[in-house]
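# Pasting the sequence and the predicted model now:
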Amino acid sequence: MNFNETLTTKVQNIEKIIKQFLPEETGYQKTVLEAMNYSVLAGGKRLRPMLVQEVFEAFGGTGDVAWPFMAAIEMIHTYSLVHDDLPAMDNDEYRRGRKTTHVLYGEAMGILAGDALLNYAFETAFRAFDKAETTKYPRIAKALKVLAGKAGIYGMIGGQVCDIESEDSIEPITAEQLMFIHEHKTAALIQASMMIGGILAGATDEKVAELERTGYDLGIAFQIQDDILDVTSTFEELGKPIGSDEKNHKQTYVTIYGLEHAKAEVKRLSEEAISLLGLDSDSFLAKLFESLIYRSK
């Protein structure tokens with residue numbers, strides 16, 4: 001297996017799936033629809049929908065019932081980035097090498113585009129009911145519960161709240177607070193992706209719990225690597241400004257523990273994630289974990 005070729009093919013297929021669920025740019029609300037689509041189609045790794053698909057298939061899932069969730073979780077991830085880039089948050093002008101949504105469409109439309117993507121994500125996820133037999137409806141309902149929980153105040157948004165408040169705090173952030181932020185702001189949607197893939201395929205509660213733990217390891221390692229790249233990468237390679245954490249006075253895993261310790265923790269977590277699922281080191285999913293964790297952009 002040539003991993004890079006396989007990855008490219010899978011990303012291309014995911015792009016096609018996502019595009020099927022994007023809204024048509026018509027009507028009086030056309031501008032926000034354009035802003036939504038611009039944001040979603042800005043590129044990216046498509047990590048979360050890929051994890052939904054790969055875990056779904058690994059647990060014996062067949063058919064296209066996972067497709068609406070794949071599109072939905074990418075919409076939720078994208079809305080979080082749109083809002084992260086706003087002047088009130090990180091105030092970034094570039095993402096993935098392109099101007100951010102609020103820079104192109106204005107701050108108000110950037111807010112609305114994020115709001116719209118979050119709402120439309122759940123409209124999209126509910127379309128899974130149209131793709132399944134009634135006997136599979138409980139699986140879809142369970143997957144929706146996971147999606148809502150991991151995206152909400154006890155998941156991603158909760159992590160974002162702690163992140164923002166830590167920036168304004170006089171006291172330096174503690175290691176415990178930092179891990180809370182990483183677990184909720186970054187790992188939560190990765191956990192949701194893996195759990196949803198397993199749930200839709202009929203995985204047991206025990207297996208879903210293992211997927212949640214694996215998603216934690218993968219998400220934390222992914223975020224630590226992001227912290228590392230903010231220090232070691234370049235704008236040309238990363239596609240967004242580097243040093244933004246320092247500019248925004250953010251404490252990161254690197255600033256607290258140092259670069260070498262951060263690199264060692266990335267390695268430990270990645271190995272644990274692969275071990276938890278009992279993956280063959282040559283399998284696509286294991287290589288996907290490694291490529292995401294040890295990425296250079």
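That came through fine.
# Going by C-alpha atoms from here, please, whenever you check contacts or count neighbours.
Will do.
# so where do the strands sit in the stretch 51-200 of the chain?
94-95, 98-99 (DSSP state E, counting those that start in this stretch).
# Would you single out the least confident of those?
Ranked by mean pLDDT, the strands of the stretch 51-200 of the chain end with strand 94-95 in last place, scoring a mean of 88.
# quick one: strands adjacent to that strand?
Partner strands for strand 94-95, per DSSP bridges, with pairing direction: strand 98-99 (antiparallel).
# How far away from the center of its chain is the partner strand?
From the chain centre to the centre of strand 98-99 is a distance of 19 Å (CA atoms, centre = their mean, to the nearest Å).
# what's the weakest-modelled helix or strand in this structure?
helix 235-238 (a mean of 51; mean pLDDT, DSSP states H and E).
# where are the low-confidence patches of the protein?
For the chain, the stretches with pLDDT under 70 are 1, 233-249, 297.
# Mind listing what's buried along the longest helix along it?
In the chain, taking DSSP state H as the definition, the longest helix is helix 205-232. Along helix 205-232, these residues count as buried under the neighbour rule (16 or more other CA atoms under 10 Å): 207-208, 210-231.
# other SSEs contacting that helix?
When contacts are defined as 3 or more CA pairs under 8 Å, 6 or more residues apart in numbering; DSSP states H and E, helix 205-232 sits against helix 188-201, helix 253-257, helix 259-276, helix 284-293.
# Quick one: closest of the ones you listed to Glu57.
Of all those, helix 188-201 sits nearest to Glu57, with 7.4 Å by CA to CA.
# got a list of contacts for the closest one?
48-49, 51-57, 59-62, 65-66, 69, 73, 77, 139-140, 142-143, 146-147, 150-151, 155-156, 207-209, 211-216, 218-219 (CA atoms under 8 Å, 6 or more residues apart in numbering).
# what angle sits between it and helix 205-232?
Inter-element angle recorded for helix 188-201 and helix 205-232: 150 degrees (by axes from the mean of the first three to the mean of the last three CA atoms, to 10 degrees).
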